[in-house]
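# just need the structure, nothing else, for what follows:
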Amino acid sequence: MKKKITLSFLIYGITLFFITLSGFALMPIFERYHISNITGFGWLADFYITHLVHYGFAIILIAWSIYAMVNALVLKMKLDGRTLISAFLLAGLIITGSLMVIKNFSGTPFPFGLIIALDLFHIIFCMGFLSFIGYRLIKREKALISDSGF
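From the prediction side, this is the model:
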């Protein structure tokens, strides 16, 4: 049976692609390894562009997550363990990312140790989330591509 690709799935996939790409670009690996020298990839070396792209797609990801959560609650869907793990990892990403945005405001006194911990936990949640999604895609699990599944 052919899987149905919905608008929600496309938004989710494009958002994950660009938020991951811009997130890695914020850790200047594209400039360091000269990937940004390839025609069309120069924007990956510009911190301000990648920062805005990352924040923009983070807003879309948060909005999509709220939509999926409300949709699951309204439809009273039963969530399996794998969906709950995905939701936990995504919530960790959103919480650590939100705290990192607050940290960037001037006059916000975050201790140095907390800043390092936020960075590390954000990367850990990111790698865990991407690994788990990759595993679910390889296994071709239906819950990943449903309209309300995480």
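# what kind of secondary structure is Leu79 in?
Assigned with DSSP: H, G, I helix; E, B strand; the rest coil, Leu79 falls in the coil class.
# what's the helix or strand for the nearest residue to it once chain neighbours are set aside?
Nearest non-adjacent residue to Leu79, counting by CB to CB, 6 or more residues apart in numbering: Ala72, 6.6 Å away. For the C-beta atoms, the positions are set from N, CA and C on the backbone; glycine is no exception. Using DSSP states H and E, Ala72 sits in helix 47-74.
# mean confidence for that helix?
Helix 47-74 comes out with an average pLDDT of 91.
# repeat for stretch 31-41
For stretch 31-41, mean pLDDT is 88.
# what does it rub up against?
For stretch 31-41, the surrounding residues in contact (CB atoms under 8 Å, 6 or more residues apart in numbering) are 29-30, 42-45.
# what's the spacing between that stretch and its chain's center?
23 Å (CA atoms, centre = their mean, to the nearest Å).
# in that stretch, which residues are buried?
Ser36 (16 or more other CB atoms under 10 Å).
# how long is it end to end?
The straight-line separation of the ends of stretch 31-41 (CA to CA, to the nearest Å) is 10 Å.
# equivalent analysis for stretch 104-115, please.
Using CA to CA, the end-to-end distance of stretch 104-115 comes to 10 Å.
# same check on stretch 38-54?
End-to-end for stretch 38-54, by CA to CA: 21 Å.
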